[in-house]
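> Provide a 3D model corresponding to the input given below.
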Amino acid sequence: MQTSCAIAGTSILGLSMAGLLFGAPPHRAEVTVPSGPSKLLVAVPTLSEALRGDGGGLKSLIFLRPVIRVANGRLPPLMEAPHWGRAQGPILSRWTESAVHRAILRDRPDILSQLLAGGSPCNLRHPSGWSPLQLALQVGNQKTLRILVSYGADPRERGPGGMTSLSLALSLNATPEELETLLEAGADPNLPGPGGRLAISSLLQARDLERAAVILRHGGEAGPALYNATVEGERELLRFLIRHGVKPKEDPADSLLVAAVRGGKLALLQDLLKSGSLSDGDLRKRGREGQAPLHLAVAMDRMDLCRALVEEGADLNEEFASPATPAFLELVRPVGFLKSHLKNDSGVTPLMAAADCGNLEMARLLIEHGAKRSVSTRGKLFSLMGFAARRGDVKMMQLLLGVDPEHEERWIKVDLSEQRAWVYGREDRLLLTTRISSGKKGFRTEPGQFVITDRCRHHVSNIYKDVRMPYFQRLSCSAIGFHEGYCPDQPASHGCLRMPSKTAADFWAITKLGDRVVISP
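Residues are numbered from 1 along each chain as shown. Sure, this is the predicted structure:
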């Protein structure tokens, strides 16, 4: 080791003399020399010190004195970067180190405080290109960091490669407290680091939520993090972002709520709806398929998602956008005729969609929250009742007419073989019976279950010109119904159920819209 130091000292003698001639700094330089498997940090006196004798004479330039052994034989890792050695050389770079730099690197916050109190600059760059704050981060002494900040050290200074103090702190796995110190001193949480990436983006990707919380508290912008967490189904991350006040910044071609519905994520949808971070327009904002959140939930026949949206005030009467895009049609449940209407019609409402698929619970929910029932499509003029009638859905028709299908007040039985009808009340109590005349051969009345969907006291047929049909009651939106008429003891009509005039008025008075009619052969 003594030999190594002598060789280094001899080399430095020439450099010291040259330094004196060209105004070399008066403070001592330090250099690292090999010492077996480790490295030794040694002091290099100035030439004037050597000549005066207070530095050990000229001998001190040849036999350098050990100062401090660096932990594990290494300098702070980022300070061993190649650019430092190439740019200035291992000895000349040490010559320009200030006392502040040495106090930081030797981990002496007490000396650092004295130097800064005496007016030493706190932002002078180290020869390696790092600022004093960045040196302190590499040494890992939080006290040193706070001292520098208290004397005005600037955390916005960039180091080698354009690295900010915040980026450096993150790369060194700095503690949340160290991040707080930098941010409170003015570090910009939204300043891109090397590669243009924001600190918050790196932390969220690594799920480092403790340090991410520090960034967010100091104004860090999470960008599309809320949207990404929704799409990826990351509920823990989503709730973390909501808790820290992150506002939606969505893909301009998509909607945050639509993304939650599309993924079928009820818990995430509920979190978003209850977060308080959404605007009034978010419930109506259309996603990339061109439809609002409620419309997608209805088309997918997802009652749970519909309920969450309806209870938060989604517009129940807003029509589906038309014509529907192919991407949206792919998500529509394969039941009923909704796809056809969405492609070829307009003015379709969520309640029509619910009626089309026979979802009683969904239809009841929509009606209870104000969905309009007296509506028709605008293109084909197809009525709401028609969506249920086309499927022969008795309970849906009753619900749309305001009758509880589980608690009927009345029902009507028709026996075609007996040519007779009966009206029953609750607990099958007989209210009325009458003769009828059903459809003759070629116009036979179809058996099955129907609902009285329309009533007209003075109806005139639009099929058979000017034929009067008093007390007309239409069955399931079809062309047939009950009415007063000629009533022999055999089938004689064109499909309707005629009854004698003396009982037609009584039958009219007893029966109501929504009554179920069972026609047996």
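
> Check the protein for its longest strand and report it.
Taking DSSP state E as the assignment, the strand of the chain that covers the most residues is strand 448-460.

> what angle sits between whatever helix or strand comes next after that strand and strand 448-460?
As assigned by DSSP states H and E, the chain's next helix or strand after strand 448-460 is strand 468-475. Here the directions of strand 468-475 and strand 448-460 differ by 150 degrees (axes from the mean of the first three to the mean of the last three Cα atoms, to 10 degrees).

> Just checking: what are the partner strands of strand 468-475?
Using DSSP bridges, strand 468-475 pairs in its sheet with strand 448-460 (antiparallel), strand 481-484 (antiparallel).

> contacting residues around the longest one?
When contacts are taken as Cβ atoms under 8 Å, 6 or more residues apart in numbering, the neighbours of strand 448-460 outside the stretch itself are 385, 389, 392, 394, 397-398, 401, 466-478, 481-483, 508, 511-519. Yep, even glycine has a C-beta here, placed from its N, CA and C like the rest.

> what do you get for the last one?
Residues from elsewhere that reach strand 481-484, judged by Cβ under 8 Å, 6+ apart: 421, 436, 452, 454, 459, 469-475, 496-501, 504-505, 507, 511.

> Apply the buried test to the residues you listed and list what passes.
Among the contacts of strand 481-484, those scoring as buried are 421, 436, 452, 454, 459, 469-475, 496-499, 504, 507, 511 (criterion: 16 or more other Cβ atoms under 10 Å).

> lowest average confidence, helix or strand, in this structure?
In the chain, the helix or strand scored least confidently by mean pLDDT, DSSP states H and E is strand 65-68, which has a mean of 35.

> need the strands for the stretch 351-500 of the chain, in chain order.
Ranges of strands within the stretch 351-500 of the chain are 411-415, 420-424, 430-435, 448-460, 468-475, 481-484, 497-499, based on DSSP state E, counting those that start in this stretch.

> List the buried residues in the fourth one.
Applying a neighbour-count criterion of 16+ other Cβ under 10 Å, the buried positions in strand 448-460 are 449-455, 459.

> could I get those as JSON lines with distance to residue 190 and pLDDT?
JSON lines is the format used below for those (distance: Cβ to Cβ, whole Å; pLDDT from 0 to 100):
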{"residue": "449", "distance to residue 190": "66", "pLDDT": "97"}
{"residue": "450", "distance to residue 190": "67", "pLDDT": "98"}
{"residue": "451", "distance to residue 190": "63", "pLDDT": "98"}
{"residue": "452", "distance to residue 190": "66", "pLDDT": "98"}
{"residue": "453", "distance to residue 190": "62", "pLDDT": "97"}
{"residue": "454", "distance to residue 190": "64", "pLDDT": "95"}
{"residue": "455", "distance to residue 190": "68", "pLDDT": "96"}
{"residue": "459", "distance to residue 190": "72", "pLDDT": "90"}
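
> Take these and lay them out in a markdown table including distance to residue 110.
Converted to a markdown table, those look like this (distance: Cβ to Cβ, whole Å):
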| residue | distance to residue 110 |
| --- | --- |
| 449 | 94 |
| 450 | 96 |
| 451 | 92 |
| 452 | 96 |
| 453 | 92 |
| 454 | 95 |
| 455 | 98 |
| 459 | 104 |
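
> out of the residues you listed, what pair is the most spread apart?
Greatest spatial distance among these (Cβ to Cβ): 449 and 459, at 22.9 Å.
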